[in-house]
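**Q** sequence and predicted structure below; questions after.
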Amino acid sequence: MTESTPEGRAQAVVLRSVLTGRPVPGSDSPCRPADLSLATDPDGTVRVLATDLSPEAADVVRSPGTRARLVPANEVSALRAAPGVAAVLRLRPPEVLPGPDRLRRVRIAVEVCAVREHGLLPLDSLLVVLRQEDDGWVLDGPPTGLAT
């Protein structure tokens with residue numbers, strides 16, 4: 001079993017905001033890519049790529065009442081056969097940002113990716129920077145949106 005890490009908990013904070021529509025601590029609005037509906041089944045379940053998810057973030061997907069499902073990497077190509085636009089939500093591994101020793105910051109990329117024959121194509125991305133405080137992770141500046 002993989003051990004819990006502060007960065008993994010930060011990734012879980014962001015994913016929880018994306019899936020529930022609740023704000024990230026330190027913000028008044030959720031972190032949600034504009035194209036999230038493309039990675040959502042007709043019943044409202046968000047398809048979340050399991051690759052690169054921390055154990056804490058995977059637990060968010062498995063939480064009771066969460067409308068999301070994990071898509072293992074080996075099942076991604078099967079999504080192309082599904083009717084409609086085949087896309088998944090992907091969270092990149094948290095990137096620890098340089099800074100003073102006492103200030104811990106991470107950047108997490110949240111992407112809606114189309115499933116293509118030769119891999120995933122990001123359609124919409126958010127870069128979210130969080131900083132660690134005594135009581136957990138809080139947003140450190142507004143998310144940056146990147147459309148492709």
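**A** Received the coordinates, thanks. Numbering: from 1, shown residues only.
**Q** which residues in the protein form strands?
**A** 46-49, 68-71, 87-91, 95-97, 105-116, 119-133, 136-139, 144-147 (DSSP state E).
**Q** confidence-wise, which of those strands is weakest overall?
**A** With a mean of 81, strand 144-147 has the lowest mean pLDDT of the strands of the chain.
**Q** which one of the strands of the chain lies closest to residue 6?
**A** Among the strands of the chain, the nearest to residue 6 by CB to CB is strand 119-133 (6.1 Å). Where C-beta positions appear, they are placed from N, C-alpha and C, glycine not excepted.
**Q** the closest residue to residue 92 other than its chain neighbours bridge partners, please.
**A** Setting aside the residues directly before and after it, residue 92 is nearest to residue 109 in space (CB to CB, 6 or more residues apart in numbering), at 3.9 Å. Applying DSSP bridges to residue 109 gives these bridge partners: residue 127.
**Q** OK, contacts around residue 109?
**A** With contact set as CB atoms under 8 Å, 6 or more residues apart in numbering, residue 109 has these partners: 91, 92, 125, 126, 127, 128.
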